[in-house]
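S.K.: this is a predicted model, with the sequence first.
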Amino acid sequence: MTHPALTLAALRDAVEDGAVAIRAKTRLEPAGGQGDKVFPPTYVKEGKSQTKYAIETRKVDGHEVVTVLLDSVASQANRMEEALLEGWRRHELRFPLVQVDFSKQEGLEDLEQITTLQAPHRIADALLRDSVDDKNTPFRLTEIGKQFTDARSSHATRMYQHCPTALVFGVWDSTGPKGGLGAKFQRCLVSEIVGYDVVAGVKTASRIDPAGIEKKGGEVFELEGDSSEWTHLEAEAAKEKGHPKLFSRRGSGDKGTPAAINHGNIPPSIDSEAGGVTMSHAVQTVVLSLAGLRRLRFQDKVDGTRFNDAGRDAAEAAARTALAALALSAVVYQRDNGFDLRSRSLLVATEPLVLEVLARDGSEPKRYSLERAQAAELLAQAASVAAEVGLGWDPTPVTLTPAPKLAHLIRESRKLVAAGEVDGEG
């Protein structure tokens, strides 16, 4: 069954007329077909858990079903933000963002620009806090930084003006000048992917060293002057308490053995804690809370002029509609990127995207389709209407550069990772 494309008028009606949410549920299956194994994300085991996966029993249609989390709310948000950034860089989607430019920092050029769509805490992230503008002013002391610090749900104009994606995905400025009382905006767009009728499996591992090096062969030592390199000569070795220092690298084998430098055989083994799962199917569930968007209030225009009572309702509806269009663009663009969640966890949709507008009276939802080009046009139209009433966006990025202390910290951390003194995962 085909559904009409979502229009700006229909979206604005949903936002204004009190619809509760816009929902999309998409059935997925492994790219290898039914019965193919997929690998969920692993977590630290707690209590009596038998696996490292987030397996739980859920109630579905009156029956208890064993499920597994394949992609969390936080992970899905990151994927949607990545998709939005892709659209922004292609000039298909136009909205504001803030970025830290590393491209001219010696040794850090590969970082390029890290934006509020990539920083873990969005505009509240420490990367922005520890960066400066073109006048060498720390971000928090710039006009935009001060406006962000003072933002709140009842005065959302400045957040909307500088980082509207934070109003969609949520942000809490818990480490800013106001501490726990800092700007806090709830997440309005939520998505997760869950596998159903799950059976946990096992994973095998082994390695044959083609050179025939024994895992516990001769001793290897840390090279004097370069902790990331090894030597077999005691005369070239760094010293520890007067003796040659055995080479070690986190995540490798026993200290001072060929296994520590990733040589040698690995005997066949079976992993029953993180051995993947088979399932009947998976479902991506997306919910955009229109009720959450309606909690956002806009007291003034982006130029600082306060709204009068007659114009404020229309302006707020326009801004919320633009945010809804931005959120739906994230959904559509992420779907176009596909569901390649991680190694051996590639899923494919078995049905088209259908957006359901959920009325507050529980009546039959209105259903719509939305494709990539339509989503981009919907966002452009919604942003244009909002601009006409004083809530316009400037898609030119606000660019910061890392403060010298931040650049130094990153360089030193990289040295530790290269030397194998940290595992690089946290």
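M.R.: Cool, the structure landed.
S.K.: tell me where the model's unsure across the protein.
M.R.: Where the chain drops to pLDDT under 70, the residues are 215-217, 251-253, 419-426.
S.K.: ok, the nearest residue to residue 295 once chain neighbours are set aside to residue 171 distance?
M.R.: Computed as C-beta to C-beta, 6 or more residues apart in numbering, the closest residue to residue 295 that is not its neighbour in sequence is residue 153, at 5.6 Å. From N, CA and C alone the C-beta is placed, and that goes for glycine too. Separation of residue 153 from residue 171 (C-beta to C-beta, to the nearest Å): 11 Å.
S.K.: neighbour-wise, which of the two wins?
M.R.: residue 171 (25 against 15; other C-beta atoms under 10 Å).
S.K.: so that one makes contact with residue 122?
M.R.: Yes. In this structure residue 171 lies within contact range of residue 122 using C-beta atoms under 8 Å: 4.7 Å.
S.K.: which neighbours do these two share?
M.R.: Contact criterion C-beta atoms under 8 Å, 6 or more residues apart in numbering; residues shared by residue 171 and residue 122: residue 163.
S.K.: so what does residue 195 have for phi and psi?
M.R.: The phi/psi pair for residue 195 (degrees, to the nearest 10) reads phi -90, psi 150.
S.K.: would you list the phi and psi of the nearest residue to it once chain neighbours are set aside?
M.R.: Closest residue in space to residue 195, ignoring its immediate chain neighbours: residue 279 at 4.1 Å, by C-beta to C-beta, 6+ apart. The phi/psi pair for residue 279 (degrees, to the nearest 10) reads phi -160, psi 170.
S.K.: and what of residue 341?
M.R.: Torsion angles, degrees, to the nearest 10, at residue 341: phi -80, psi -40.
S.K.: what's the spacing between the closest residue to it other than its chain neighbours and residue 333?
M.R.: Nearest-residue entry for residue 341: residue 71, 5.3 Å, with adjacent residues in sequence omitted and distances by C-beta to C-beta, 6+ apart. Here residue 71 is placed at a distance of 16 Å from residue 333 (C-beta to C-beta).
S.K.: just residue 115 next, same as before
M.R.: 15 Å.
S.K.: what about the residue nearest to residue 341, neighbour count?
M.R.: 23.
S.K.: what do you get for residue 273?
M.R.: There are 14 residues near residue 273, going by other C-beta under 10 Å.
S.K.: SS state for residue 47?
M.R.: coil (DSSP: H, G, I helix; E, B strand; the rest coil).
S.K.: okay, now it: neighbour count?
M.R.: 4.
S.K.: what does residue 218 give?
M.R.: The number of residues near residue 218, taken as other C-beta under 10 Å, comes to 10.
S.K.: how about the strands of the stretch 251-400 of the chain, start to end?
M.R.: Ranges of strands in the stretch 251-400 of the chain, per DSSP state E, counting those that start in this stretch, are 266-271, 277-278, 281-289, 339-340, 346-349, 355-358, 366-368, 398-402.
S.K.: would JSON lines of these with mean neighbour count and distance to residue 6 be doable?
M.R.: Converted to JSON lines, these look like this (neighbours: other C-beta atoms under 10 Å; distance: least, C-beta to C-beta, whole Å):
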{"stretch": "strand 266-271", "mean neighbour count": "11", "distance to residue 6": "45"}
{"stretch": "strand 277-278", "mean neighbour count": "20", "distance to residue 6": "35"}
{"stretch": "strand 281-289", "mean neighbour count": "20", "distance to residue 6": "12"}
{"stretch": "strand 339-340", "mean neighbour count": "16", "distance to residue 6": "22"}
{"stretch": "strand 346-349", "mean neighbour count": "17", "distance to residue 6": "18"}
{"stretch": "strand 355-358", "mean neighbour count": "21", "distance to residue 6": "6"}
{"stretch": "strand 366-368", "mean neighbour count": "19", "distance to residue 6": "4"}
{"stretch": "strand 398-402", "mean neighbour count": "20", "distance to residue 6": "31"}
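S.K.: make TSV from those and add distance to residue 52 to it.
M.R.: Below are these laid out as TSV (distance: least, C-beta to C-beta, whole Å):
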stretch	distance to residue 52
strand 266-271	9
strand 277-278	12
strand 281-289	19
strand 339-340	21
strand 346-349	20
strand 355-358	35
strand 366-368	38
strand 398-402	36
